[in-house]
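Q: I'd like to go over a predicted model; first the sequence, then the structure.
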Protein chains: 6
Amino acid sequence: MRFDGRKQDELRTIEVETDYLIHPEGSVLISAGATKVICNASIEEKVPPFMRGEGKGWISAEYAMLPRATGTRNIRESSKGKVTGRTMEIQRLIGRALRAVVDLEALGERTIWLDCDVIQADGGTRTASITGAFIALTLAIHKLHKEVPFEKFPVQDYLAATSVGILEDGTAVLDLNYHEDSAANVDMNIIMTGSGQFVELQGTGEEATFSETELVELLALGRAGINELTKMQHEKLGQEIDELIRGEK
Amino acid sequence: MRFDGRKQDELRTIEVETDYLIHPEGSVLISAGATKVICNASIEEKVPPFMRGEGKGWISAEYAMLPRATGTRNIRESSKGKVTGRTMEIQRLIGRALRAVVDLEALGERTIWLDCDVIQADGGTRTASITGAFIALTLAIHKLHKEVPFEKFPVQDYLAATSVGILEDGTAVLDLNYHEDSAANVDMNIIMTGSGQFVELQGTGEEATFSETELVELLALGRAGINELTKMQHEKLGQEIDELIRGEK
Amino acid sequence: MRFDGRKQDELRTIEVETDYLIHPEGSVLISAGATKVICNASIEEKVPPFMRGEGKGWISAEYAMLPRATGTRNIRESSKGKVTGRTMEIQRLIGRALRAVVDLEALGERTIWLDCDVIQADGGTRTASITGAFIALTLAIHKLHKEVPFEKFPVQDYLAATSVGILEDGTAVLDLNYHEDSAANVDMNIIMTGSGQFVELQGTGEEATFSETELVELLALGRAGINELTKMQHEKLGQEIDELIRGEK
Amino acid sequence: MRFDGRKQDELRTIEVETDYLIHPEGSVLISAGATKVICNASIEEKVPPFMRGEGKGWISAEYAMLPRATGTRNIRESSKGKVTGRTMEIQRLIGRALRAVVDLEALGERTIWLDCDVIQADGGTRTASITGAFIALTLAIHKLHKEVPFEKFPVQDYLAATSVGILEDGTAVLDLNYHEDSAANVDMNIIMTGSGQFVELQGTGEEATFSETELVELLALGRAGINELTKMQHEKLGQEIDELIRGEK
Amino acid sequence: MRFDGRKQDELRTIEVETDYLIHPEGSVLISAGATKVICNASIEEKVPPFMRGEGKGWISAEYAMLPRATGTRNIRESSKGKVTGRTMEIQRLIGRALRAVVDLEALGERTIWLDCDVIQADGGTRTASITGAFIALTLAIHKLHKEVPFEKFPVQDYLAATSVGILEDGTAVLDLNYHEDSAANVDMNIIMTGSGQFVELQGTGEEATFSETELVELLALGRAGINELTKMQHEKLGQEIDELIRGEK
Amino acid sequence: MRFDGRKQDELRTIEVETDYLIHPEGSVLISAGATKVICNASIEEKVPPFMRGEGKGWISAEYAMLPRATGTRNIRESSKGKVTGRTMEIQRLIGRALRAVVDLEALGERTIWLDCDVIQADGGTRTASITGAFIALTLAIHKLHKEVPFEKFPVQDYLAATSVGILEDGTAVLDLNYHEDSAANVDMNIIMTGSGQFVELQGTGEEATFSETELVELLALGRAGINELTKMQHEKLGQEIDELIRGEK
């Protein structure tokens, strides 16, 4: 039994509010326990300079936290005048993961920006960002599709992320909150598609290491968690979008 | 009759959700029509270097918008590596206004940070920030008071802000939304206390000017609007805090 | 009687040296008591990117102080690597004010830069900058006019600025020097045209407030001061330019 | 057979020159095929502010490339005025990995800086940096040990890194060069200890995904490669240091 | 005969106004022809961190140009967010040169800042800055001396700078203006003491070279120019300060 | 006899390894005693914006040190977010010097970048950079020449640099190492062509001065040193390139 009463393989309560804000083409407020992230998708009808004229689209993500998303106040990155290494790592990860399930040629020469702004943090902000950003992205692409249908719907599969880890007592657990994460020996982020393929795997033993046996256990936990998450995404997005993603329509 | 059906002297619907987030000492989500701002107050038990040892506190504000708070996406200030002039002007204004109703000596050597993050913008973001930040600030100070009572409650009066302006057709109106603001000839922000004193007055005729008669009309509209806002603040903060502010307790 | 022997409604001695430097299209050294500002106008035959092709001009201002314009040395903003909030606020104010009396369409697609460099500061540097910059701007536009006459002279009215405030003893005074300004309860900058219209009004009670009665008194003092300043501008610019501004020529 | 004649499970030729430069406490030039990295360890007798007084040491890494380490010249990060996201990700990774095999309490309150400067790049620069930095770090710590012996030698295990990946034709290979890496579907960096524990695992399918079967194949290739690399480290560091690492001395 | 009517070995008219501004401890406006530089000396009663506790003083210089000191407007370095290489080179040169004639131990643990702000440029701004800064520095040190006499007056000799160069037609000339400088083959800055010692010599053939014979001719011109300049400095500073510099008092 | 056993007029051992790295068009590792610099030349088929369309080429240099090139570790300029004044001064010097012996019109509209990265420093890093960069530059231009012969070979003469100085005991010496340099009274960098013309002369008496007699002695030492260096360059570049430089082919 875990600190917050969950079982080893139990996700925190996930809530997703779609059309959260009025301006973005796709807008989602996702909560995973006390972690809350606003994920907004914005469509820009051009691509970065290095891609112009190739007939392909691009997906770019940015990530930030409100200064008081956390227990003590953090200085804003705009005040520091630079983005921290942690933020850069996370936003590169989110963009890369989303691109894995989008056919950039089908998307055409446009950029979709995903802004993931954490308004409250309790561990797992990057994985909640990916899971929520997938929904915002798909809603934005679907909005485009309703105006001028794509020949091939650019989103090709579901995509969700979760964390798994090994606590100090050696227990492997799913979906760590901040309390668990800060004391864990091993922390692993898993990003998978709806069809069960890996997109990204990042396991880290900060001042610790892990064995192949432990790895196998962590992967099993992660796979089960992702499965729940992509089911939730299916429900939120509805039947019509599901058929578009599956290429059945 | 205005574009959105309001009368000349009518505020937009104001909603305030207190204790919006779990970590900050004071946390408010304020909406004025479609404008939504998260106002968080954080207590830091020290003051800036230039004030150390003077036995006085400080209040500092920061303001930002989510990239997609607006109709088209704005580049993050953290990505630009610097804070724009507009942001600096607004955050200096918020801090200065709040300090006008707080007895910094009664507060003692601590800083209260007010973070105003606009998640959705439809005009009047700076005035909504001030009106909301006052509530977050007072809640945070009250939280301190409940732990170790202040001899003198540092918040000395209510404080609210609104905008008034002259539309292209010459009509003076209260609480402009984005649509009105972008076409107005004159735009004035008024910050006043609960007892009807001016704290700040900023009237600007961008590529236009205004007469003393117009000024008088604008001030009357503003005064009435502020009156409604400070009444709302009283209700949200409740009787006990009201007595502390009035020095009756 | 004030500290420096002036009456309540008395401006400091104003001196203006036109054609102060040889390179700028308009160049003025303005002194208001011990405050000295070099105001240079430079013409650039293009507009900022966001305005291209609209057939309109632009006026942009920059403001800075020499490190030793003040009693103690300030670190240069170039060494800090960024412009402070105070500087941004002032340069935005100067540009906005000047644009209120210039017909940007009559100016055509060009930018006029106003550089206001304070070489000695004794309070009122932003208002002296505006009053001086108006002259430099008008001289630069007149220089253009002599080469290729404008159909409509772009400068439409005089423009001057002054400060008023309420001292600690409650006296309302005109044109505060540094000594008065640093101890004043209320500080208000007033920018008006030659025909007596307001362009900008910025009243601030830093850690203090003011009543409507006090506001009325301050406005009266400011109006009288501005009147003197625009008369001085008329004299410095001469009869020919006056007729152009008044549209009589 | 691979492009450069190697077998699927064959590392590129590794060369390590120790004591490469005269100033650093540990200095290594490591080559993996055409990839060449200078790894320098510097000892600083203090820790970062957030760790002072805890009696623990710290290991911090920085990574950079010469502008012409690559086929076309890159702009220096010092000229850009900021470090890219890629660089930050890599230097955070190197530091984190090295800390996993060092007992920071045994090290005492000092920081060891690892500077990994790529002078020639042909894929695998981050893994070569880690493998080389481990040697430089151990040499620097051993130098301290010879002056004043540690009670417990802070380096607790060998540490090496390599990359594995899946080429476009589906073949899984070890130690990708730039040619292979730029066309691979899946790229995974594996960091392991001499005793076969994982320290970090980062698998990415940029615009592609991978299955659990493929993961298993990649891990087997990586494990074999790391084994060769830690043997090489043992030989370079010699018998005395090996005994210290194994705690046999 | 030169473009502006001067002879080969003729300096431009030098004018020096001392006590130019009221706040700085030493303040000079120096003109060399159309080149005008404000040189202000500020005393700070501490030294940079790397020098604390050594009982020695420091002299640091900063140099800048008004945006419109030149024929076309330059972007401010504060707006660019960084100081250019040219500015850095010049301010390092000014500081180094002044330190050569000051006994830093006699000065005691204080820093003297020299701010050289070019308000109008016509070639030779760095040499005029040095010649003027020497006077401002000496006045500031003399002001200290009048309050608490130094045992040994820290300024040990006069210091002045000038430029020499070889024009396109091969003529060697003294004190180049902008017109000459921009077309010269060789440009040399010479900084010498009142007693005829070299402090700094910087000769540059931008896309050209010069022979030893030419060098000898340039040095002779420079020596004669410096001689005139240090005489002028003596006159401006007066008899009492001259005796202090010569150690006769 | 000097500290390291050299005579007054003796250069340190110079070693030059050409084709040091595989990617750059010209690549040299130059050592002067313990000072080691990698000099890479990169050809870019365009010129900076301010030169476009003039039919001329450009040569630009950048200089940096590895953090641990020196006895104690220096913070990277990329981490500081800006390039120091010293670095800027040196890279401007290297570029300017190389341009003096290259016919930029003969080069055509292309830029050659010279990256001088000091991997180990023991005094004289800027002069070694220039001497080495000349070789890298010439190799890169020769590589272009072999593909499409230039009508006129752009490199017009040899170019080398050395330092001379006056030690504390008054001895004038050639090619100072760090130990000598840090204690010298006078330090002079001399850059000359193969035909004995000066390109740049920078003599500095940091907190000291020098006489004309000493200058003459320093120039003689420098001339002899440069003579040896350009002979070495001739040998390294070979007969064919020598004839191209001399215009005999």
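A: Yep, it's here.

Q: List the contacts of A:E54.
A: A:V47, A:E109 (C-beta atoms under 8 Å, 6 or more residues apart in numbering or on different chains). (Each C-beta comes from the backbone N, C-alpha and C, glycine too.)

Q: now with 10 Å?
A: A:V47, A:L104, A:E105, A:E109 (C-beta atoms under 10 Å, 6 or more residues apart in numbering or on different chains).

Q: In terms of helices and strands, where is it?
A: Using DSSP states H and E, A:E54 falls within no helix or strand.

Q: and the gap between it and chain F?
A: 22 Å (C-beta to the nearest C-beta, to the nearest Å).

Q: Need the pLDDT of that residue.
A: pLDDT for A:E54: 93.

Q: Give me the buried subset of the contacts of A:E54.
A: Neighbour-count burial (16 or more other C-beta atoms under 10 Å in any protein chain shown) applied to the contacts of A:E54 gives A:V47, A:L104, A:E109.

Q: got the CA coordinates for the helix-or-strand element of chain A with minimal mean pLDDT in CSV?
A: For chain A, counting by mean pLDDT, DSSP states H and E, helix A:77-80 ranks last in confidence among helices and strands (a mean of 89). Provided in CSV are the C-alpha atoms of helix A:77-80 (Å, rounded to 0.1, in the frame of the first residue of the first chain):
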residue,chain,number,x,y,z
GLU,A,77,12.5,31.7,-16.6
SER,A,78,11.6,35.0,-18.3
SER,A,79,13.1,36.9,-15.3
LYS,A,80,16.2,34.8,-15.4
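
Q: which one of the contacts of A:E54 is nearest chain C?
A: Chain C lies nearest to A:V47 out of those, by C-beta to the nearest C-beta, at 19.8 Å.

Q: That closest one should be in a helix, yeah?
A: No. Counting by DSSP: H, G, I helix; E, B strand; the rest coil, A:V47 falls outside a helix, being coil.

Q: residues contacting the closest residue to A:E10 other than its chain neighbours?
A: Leaving out its chain neighbours, the residue that sits closest to A:E10 by C-beta to C-beta, 6 or more residues apart in numbering or on different chains is A:L174, at 6.6 Å. Shown in contact with A:L174 (C-beta under 10 Å, 6+ apart): A:2, A:6-12, A:162-165, A:190, A:218, A:220-226, A:228.

Q: these two touch, right, A:A172 and A:G165?
A: Yes. The criterion here is C-beta atoms under 10 Å, and A:A172 meets it with A:G165 at 7.3 Å.

Q: Give me the common contacts of those two.
A: A:A184, A:V186, A:M188, A:F210, A:L218, A:L221.

Q: will you turn these into JSON lines that also has secondary structure?
A: Compiled in JSON lines, the shared contacts of A:A172 and A:G165 are given as follows (three-state DSSP):
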{"residue": "A:A184", "secondary structure": "coil"}
{"residue": "A:V186", "secondary structure": "strand"}
{"residue": "A:M188", "secondary structure": "strand"}
{"residue": "A:F210", "secondary structure": "strand"}
{"residue": "A:L218", "secondary structure": "helix"}
{"residue": "A:L221", "secondary structure": "helix"}
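
Q: Out of those residues, grab the one that's most surrounded.
A: Neighbour counts for the shared contacts of A:A172 and A:G165, by other C-beta atoms under 10 Å in any protein chain shown, peak at A:M188, which reaches 26 neighbours.

Q: Quick check: closest non-adjacent residue to the closest residue to chain E within chain A.
A: In chain A, the residue that lies nearest chain E is A:G81 (9.0 Å; C-beta to the nearest C-beta). In this structure, A:G81 finds its nearest non-sequential neighbour in B:G81, 5.1 Å apart by C-beta to C-beta, 6+ apart.

Q: and the residue of chain A nearest chain F?
A: Closest point on chain A to chain F, by C-beta to the nearest C-beta, is A:K82, at 7.2 Å.

Q: Count the neighbours of that residue for me.
A: Neighbours around A:K82, by other C-beta under 10 Å: 18.
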